[in-house]
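Peer 1: After the sequence you'll find the predicted model.
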Amino acid sequence: MWDLVMDNWIAFLPLFTNMQEPLSKAAFKAIFSFNYSIRGSNHREAEEDTIFSWEMVLNMIEAVPALGFPRKPCIEFYIQEAGQHRLPYASTCAMCLYLPRGITEEDKLHKMLFQATRDSLGFGKV
């Protein structure tokens, strides 16, 4: 197998190297589908606040996964109940990220995302 790779190294170059352009905010947003509430509703306004904070967090992301996504991931929103601290979560089966509505501070969303990944069962285990 290695001989095949060595003989055809140019064909394998995209597989073994990162040949992508730096990831822009617009390019990253184009990867996702957003399931917003009806335009003009209070939920929609809160969802747009959360997405603005999420876009600021995206500044730390340099590239999409090397093999991409099997389908377009979605963003869904949930209501943060009064007195509750529900962290963002994801469904890998549905390729969906669930974010709380109304997060207006980038740092708060970043901390919530960090805690959600750090504290989840099995995260970081191979």
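Peer 2: Structure's in. What do you need?

Peer 1: only C-alpha atoms for contact and neighbour calcs from this point on.
Peer 2: Fine.

Peer 1: what about Leu97, is that helix, strand or coil?
Peer 2: strand (DSSP: H, G, I helix; E, B strand; the rest coil).

Peer 1: who touches it in this structure?
Peer 2: Going by Cα atoms under 8 Å, 6 or more residues apart in numbering, Leu97 touches 73-76, 88-91.

Peer 1: Kindly recompute the last result at 6 Å.
Peer 2: 75, 90 (Cα atoms under 6 Å, 6 or more residues apart in numbering).

Peer 1: Now do Gly40: how many residues are near it, please.
Peer 2: 8 (other Cα atoms under 10 Å).

Peer 1: nope, Leu113 is what I meant
Peer 2: Per other Cα under 10 Å, the neighbour tally for Leu113 reads 18.

Peer 1: where does it sit relative to Leu97, distance-wise?
Peer 2: 11 Å (Cα to Cα, to the nearest Å).

Peer 1: Go ahead and produce PDB holding the CA coordinates of the helix or strand hosting Leu4.
Peer 2: Using DSSP states H and E, the element containing Leu4 is helix 2-7. The C-alpha coordinates for helix 2-7 follow below in PDB (Å, rounded to 0.1, in the frame of the first residue of the first chain):
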ATOM      1  CA  TRP A   2       2.800   2.400   0.900                       C
ATOM      2  CA  ASP A   3       4.300   1.900  -2.600                       C
ATOM      3  CA  LEU A   4       1.000   3.100  -4.100                       C
ATOM      4  CA  VAL A   5       1.000   6.200  -1.900                       C
ATOM      5  CA  MET A   6       4.700   6.900  -2.800                       C
ATOM      6  CA  ASP A   7       4.100   6.500  -6.500                       C
END
